[in-house]
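J.: Below is the sequence, then the predicted model.
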Number of protein chains: 2
Amino acid sequence: MPEDRIEADADVFPAAADSRPRTPRERARAQTVADIVRLGREHLAVHGAAALSLRAVARDLGVVSSAVYRYVENREELLTLLLIDAYNELGDEVDAAVGAVPEADFGGRFAALGRAVRDWALREPSRYALLFGSPVPGYQAPAERTTGPGTRVITALIGILDGAFRAGRVVATGRRSPAVAAGLAGDLAKIRAEFGLAVPDDLLARGALAWTSLFGAVSFEVFGQYGAGTFTAREELFDHQLAVLADVAGLPAAGAAV
Amino acid sequence: MPEDRIEADADVFPAAADSRPRTPRERARAQTVADIVRLGREHLAVHGAAALSLRAVARDLGVVSSAVYRYVENREELLTLLLIDAYNELGDEVDAAVGAVPEADFGGRFAALGRAVRDWALREPSRYALLFGSPVPGYQAPAERTTGPGTRVITALIGILDGAFRAGRVVATGRRSPAVAAGLAGDLAKIRAEFGLAVPDDLLARGALAWTSLFGAVSFEVFGQYGAGTFTAREELFDHQLAVLADVAGLPAAGAAV
DNA sequence: CCTGAAGAGAGAGCACTGCTCTCATATCAT
DNA sequence: ATGATATGAGAGCAGTGCTCTCTCTTCAGG
């Protein structure tokens, strides 16, 4: 388990992922960084991102505050590590949930993806907020380290949509399909080329809507934007929203005959 | 203009809205509170909610830090005032945008509502984040003061949907209308009773989806969840999303014949 | 008009934060 | 064994929210 822990956290450093720590000192250092991330994750989960304190982490680590700066450049650096850590945990859970549904059940895979996101978000509201809530002011996540793990969910979603389209399982969407303007069409063409997709413009734009809508629904629930007692059957509401969104994206119903 | 300022900020205190300050001292006090809110709004807009500092506001006010505690109980209280202030500004802009479209143009009113939300959010990202981003940790907005202004947008949206339904202008939605589970149906019935609505369950649930999806799309854009160069034609993307969402909610196209 | 109460501001202080600097010690490679 | 390096401790600075006390001003009632 501790070995797993180290490996998992080693993924946080893409450059160091291939060079395993060899000397005892390097091993100890890697372990300390892993401990800092673990403690930071706990503080983050309990108190939220804004209250994440390097001094508190140092106390829990049994070390004086200045010592943690040997391992973490500053507070932002730790936030970045926790950002990557959370993105990867969410990505792992989404991948597992999607992978547990037959590949040809596109509607079921979409529903599994959505439910995995919601389940993780409700279980880890503070970490979800770090990923999808207000950006921490003055903090800009370094794109070269976060785009990889940060795009795992949308990559999985695109895979489902494109797979359904290639399998000829995308049903004609609602009556009214708004025209795709020229500029947007250019963006979509770039995305299609980058991911090697086959889906046409309108469907791709609808996929983007399903993407943002999924996180909109989850954020409303996690951030308490629904009133206090407005929706008591939140799981049913979410499932309804997922079903409508699947339809919007042209996906067949979950479990539909292959 | 300063008079307007005072009146606008007086709305922040529902209890005091009817009792105008009479004595000079009360007038001075109201003015000071208004100044604090104004300075807080500026700090909030520039530095974000987490960096909002009462000491900094006090400095800008030309007063020692402890003095502001005569007017504002604590930092949370100021955040609550700014929350109400922002909710009302957003509500005003949405109401104005919706009101500028003919009442029978339900699709147009929906589009105007969505664009007003997006425009305000892009213009005031920090204040939008305070309303719809991660909740400030340890801070729970007092419902009795914020629910009123906080529900203006959804109230306007519900008005459009219900109006369209009552006018018989709601078109049959997409092929697949997922069943509404029992618990969700109960929640929807309560909402229908509370607002005196006529829309049936499925349509009401779709309205909730349009609601959360609208803010999901706006949040993605404001919070930078889209990649850096993924979407360059963001207004076109948003308009496309709005059009699909209108269709999801059963609304006719904007400007459709009355 | 005078006086006492209440309002308002100043200042000191406490506990906390991020972060830097210096100094001493422990560890490692040569 | 030795010299370089990694690590931790401690002090310190500037900032934060918030409280307490002390003084001065303003106002209302006699």
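T.: Here it is on my side, so go on.

J.: need the contact list for residue A:240.
T.: Counting by C-beta atoms under 8 Å, 6 or more residues apart in numbering or on different chains, residue A:240 makes contact with B:178, B:180-181, B:184, B:205, B:209. All C-beta spots, glycine's among them, are computed from the backbone N, C-alpha and C.

J.: three-state assignment of it?
T.: Under DSSP: H, G, I helix; E, B strand; the rest coil, residue A:240 falls in the helix class.

J.: From DNA strand C, how far out is it?
T.: Relative to DNA strand C, residue A:240 is positioned 42 Å away (C-beta to the nearest atom of the strand, to the nearest Å).

J.: Show the pLDDT at that residue.
T.: If you check residue A:240, the pLDDT there is 97.

J.: same deal with the one 10 residues further on?
T.: According to the per-residue confidence, residue A:250 scores 94 in pLDDT.

J.: again, but for residue A:171
T.: Per-residue pLDDT puts residue A:171 at 81.

J.: ok, now residue A:135?
T.: 79.

J.: And residue A:25, by the same measure?
T.: 81.

J.: check contacts around it.
T.: With C-beta under 8 Å, 6+ apart, residue A:25 has no contacts at all.

J.: which SSE is it in?
T.: When elements are assigned from DSSP states H and E, residue A:25 belongs to helix A:24-47.

J.: Give the next helix or strand downstream of that helix.
T.: Following helix A:24-47 toward the C-terminus (DSSP H and E): helix A:54-61.

J.: Any residue of that next one touching chain B?
T.: No. Helix A:54-61 stays clear of chain B (C-beta under 8 Å from any C-beta of the partner chain), getting no nearer than 13.4 Å.

J.: Would you mind listing the outside residues contacting that helix?
T.: Under the contact criterion C-beta under 8 Å, 6+ apart, helix A:54-61 has outside partners A:32, A:35-36, A:39-40, A:42-43, A:64-65, A:67-69, A:72, A:74-75, A:78.

J.: filter these down to the ones near DNA strand D?
T.: The subset of the contacts of helix A:54-61 within reach of DNA strand D, by C-beta under 7 Å from any atom of the strand, is A:32, A:64-65, A:67.

J.: between these, which is nearest residue A:171?
T.: Of all those, residue A:171 sits closest to residue A:32, with 54.1 Å by C-beta to C-beta.

J.: ok, now which ones touch the closest one?
T.: By C-beta under 8 Å, 6+ apart, the contact set of residue A:32 is A:61, A:71.

J.: Can you tell me how far it is from residue A:65?
T.: In this structure, residue A:32 and residue A:65 are 15 Å apart, going by C-beta to C-beta, to the nearest Å.

J.: same thing with residue A:76?
T.: Taking C-beta to C-beta, one finds residue A:76 at 16 Å from residue A:65.

J.: what's the most distant pair in the contacts of residue A:240?
T.: Using C-beta to C-beta, the pair of those lying farthest apart is B:181 and B:209, separated by 14.8 Å.

J.: Settle it for me: which of those two has more neighbours?
T.: More crowded of residue B:181 and residue B:209, by other C-beta atoms under 10 Å in any protein chain shown: residue B:209, with 26 against 17.

J.: Local confidence estimate at that one?
T.: pLDDT, residue B:209: 98.

J.: Repeat that for residue A:52.
T.: What the model reports as pLDDT for residue A:52 is 94.

J.: give the contact list for it.
T.: Contacts of residue A:52 (C-beta under 8 Å, 6+ apart): A:40, A:43-44, A:75, A:78-79, A:82.

J.: and the residue of the stretch 51-200 of chain A nearest DNA strand D?
T.: Going by C-beta to the nearest atom of the strand, DNA strand D is nearest to residue A:66 of the stretch 51-200 of chain A, at 2.9 Å.

J.: near DNA strand C, which residues of the stretch 101-250 of chain A show up?
T.: Checking the stretch 101-250 of chain A against DNA strand C by C-beta under 7 Å from any atom of the strand, there are no hits.
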